[in-house]
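Novice: what follows is a predicted protein model with its sequence.
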Amino acid sequence: MPGWEMFDESEKRQIDEVMETGVIMRYGFDANRKGRWKAREMEDAIRGLTGAKHALLVADGTAALTTALAALGVGAGDEVIMPPFTFVASFESIMMAGATPVLAEVDDTLCLSPESVRDAITPATKVVMPVHMCGAAAKIDELQGICREKNLLLLEDACQAFGATYKGKGLGTIGDAGCYSFDFNKMVTCGEGGAVVTNSREVYDKAERYHDHGHDHKNSDRGLEDHPFLGYNYRITELHAAIGVAQAAKAERFIAIHKENKKIFKDAIGTIPEVTFRTILDHDGDSATFLTFFLPTEELARSAAKAMKEAGTEGVFHWFDNNWHYVRNWDHFKNRKFISPVSSDILKGMKDYSKVKFKSDELLSRCVSISMKMGWKDGGAQRAAQNAARAIKSVL
Ligand SMILES: Cc1ncc(COP(=O)(O)O)c(C=O)c1O
């Protein structure tokens, strides 16, 4: 999956172009930069690939979520509904915005369950934040329907789903705003990077100012720019953006490679009667970065993951045991282990998640994913897929 598997001369060329001018900051220094604006170029590429009207490149995916929440007006006293299967950045960004995370359940798409979202809504709910996990869509039509009915905002965490679509629309571009991550493990990587996309000029303008200390970016002298409101620093550097420009140019090829490899794995593993697959709502739009399936029991899933790892299968995840992606092992969050006091506005309405039993355990405990490599060559994907299938069969 990671875009670094496919690094070539193009990333180096892009970095050289920045270093020839020495301007590694995305704003200002117009006279020195010889017309080179790598962050802007990457933003053009993001708009082109996703169909979003506006795109803002930022320092990372977590910064993108925090910025998007702020631009949507989320803060003290607001609740944001998120899934328990995601990355810790979901609750981190909500709490950074000063709001309270409310965890609902996932269904067999492995994304937010619309029924569970309905149950989680309270008068304080402001945003529903589905996560398009492992490169494929949540039930975004239904979630959007709920948001419209209840007058809530929809923020798509598409950090794992850049380039994926649902019914022809780029994931991330359907709600009021969407976010991508271009961190080192993502299919398109900047090393570190993220983006906020939106079709609203107002949300974009707020995000663009908020992520750079409130600068209004209307004056070529940064010292003379206005600050219509307070912001922070979530800027990307031109060096990171330059890597992203080279990577984004290959995104469509990356997805095609993933789809080919995922089919090879699905054909091999699909012959095992005990295996059932995650529901993919739009196969054409799947970025195919993972093959995700269920085994009949938690123990079988754990043993199959172990057997595959021992047999040399790379990128195997039994998410239930993972410390970062499923609520079960988020001890720091559940037991409120903070480095400094956290606002009572955030905590006062927050459930005691150390005591909550999630229905999602039933699915996640039986769930295994294999990350698709792009670097397989000369039948490597076929061999890896057969090897993985053999390992799974060995524990059944
Ligand atoms: C679902 C999800 N949201 C947010 C993020 C945060 O992105 P970053 O690592 O760029 O901060 C990630 C990163 O893995 C993610 O998987």
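Specialist: Here it is on my side, so go on. Residues are numbered from 1 along each chain as shown.
Novice: contact residues of the stretch 1-150 of the chain facing the ligand?
Specialist: 60-62, 86-87, 89, 131 (C-beta under 6 Å from any ligand atom). Bear in mind the C-beta positions are built from the backbone N, C-alpha and C, glycine included.
Novice: tell me which of these is nearest to Glu156?
Specialist: Val131 (8.1 Å; C-beta to C-beta).
Novice: poorly predicted segments of this protein, please.
Specialist: Low-confidence segments of the chain (pLDDT under 70): none present.
Novice: show me how the record splits it into domains.
Specialist: The record's domain split for the chain, according to automatic domain parsing, is 3-251, 252-394.
Novice: how about the last one, does it reach the ligand?
Specialist: When you say that, I think you mean domain 252-394. No. In terms of C-beta under 6 Å from any ligand atom, no part of domain 252-394 sits within range of the ligand; the closest distance is 7.6 Å.
Novice: picking up where we left off before, quick one: which of the residues of the stretch 1-150 of the chain next to the ligand is nearest Asn387?
Specialist: Phe87 (28.2 Å).
Novice: shouldn't that closest one be within a helix?
Specialist: No. Counting by DSSP: H, G, I helix; E, B strand; the rest coil, Phe87 is not part of a helix but coil.
Novice: which residues are in contact with it?
Specialist: 131, 159-160, 324-325 (C-beta atoms under 8 Å, 6 or more residues apart in numbering).
Novice: where does Phe338 sit relative to the ligand, distance-wise?
Specialist: Remark: distance between Phe338 and the ligand (C-beta to the nearest ligand atom, to the nearest Å) = 19 Å.
Novice: would you map the strands across this protein?
Specialist: For the chain, the strands defined by DSSP state E cover 54-58, 79-82, 100-103, 125-128, 153-157, 165-166, 169-170, 177-181, 194-198, 276-277, 290-294, 316-317, 367-371.
Novice: want to throw those into JSON lines with distance to Val395?
Specialist: Conversion of these to JSON lines gives the following (distance: least, C-beta to C-beta, whole Å):
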{"stretch": "strand 54-58", "distance to Val395": "43"}
{"stretch": "strand 79-82", "distance to Val395": "33"}
{"stretch": "strand 100-103", "distance to Val395": "31"}
{"stretch": "strand 125-128", "distance to Val395": "38"}
{"stretch": "strand 153-157", "distance to Val395": "33"}
{"stretch": "strand 165-166", "distance to Val395": "35"}
{"stretch": "strand 169-170", "distance to Val395": "39"}
{"stretch": "strand 177-181", "distance to Val395": "33"}
{"stretch": "strand 194-198", "distance to Val395": "38"}
{"stretch": "strand 276-277", "distance to Val395": "16"}
{"stretch": "strand 290-294", "distance to Val395": "14"}
{"stretch": "strand 316-317", "distance to Val395": "13"}
{"stretch": "strand 367-371", "distance to Val395": "11"}
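Novice: just the buried subset of the contacts of Phe87, please.
Specialist: Buried members of these, scored by 16 or more other C-beta atoms under 10 Å, are 131, 159-160, 325.
Novice: picking up where we left off before, can you put the strands of the chain in CSV and add mean neighbour count and distance to Glu41?
Specialist: Below are these laid out as CSV (neighbours: other C-beta atoms under 10 Å; distance: least, C-beta to C-beta, whole Å):
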stretch, mean neighbour count, distance to Glu41
strand 54-58, 26, 10
strand 79-82, 26, 32
strand 100-103, 23, 35
strand 125-128, 24, 31
strand 153-157, 27, 24
strand 165-166, 23, 22
strand 169-170, 20, 18
strand 177-181, 30, 16
strand 194-198, 31, 13
strand 276-277, 14, 38
strand 290-294, 23, 29
strand 316-317, 18, 33
strand 367-371, 23, 28
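Novice: so for His332, which of these sits nearest?
Specialist: Closest among those, using C-beta to C-beta: strand 100-103, at 13.3 Å.
Novice: of all residues in this protein, which one is closest to the ligand?
Specialist: Gly61 (2.4 Å; C-beta to the nearest ligand atom).
Novice: what's near enough to touch the closest residue in space to that residue that isn't next to it in sequence?
Specialist: With sequence-adjacent residues excluded and distances taken as C-beta to C-beta, 6 or more residues apart in numbering, Gly61 is closest to Ser181, at 2.7 Å. Neighbouring residues of Ser181 by C-beta under 8 Å, 6+ apart: 60-62, 64, 89, 159-160, 162, 193-194.
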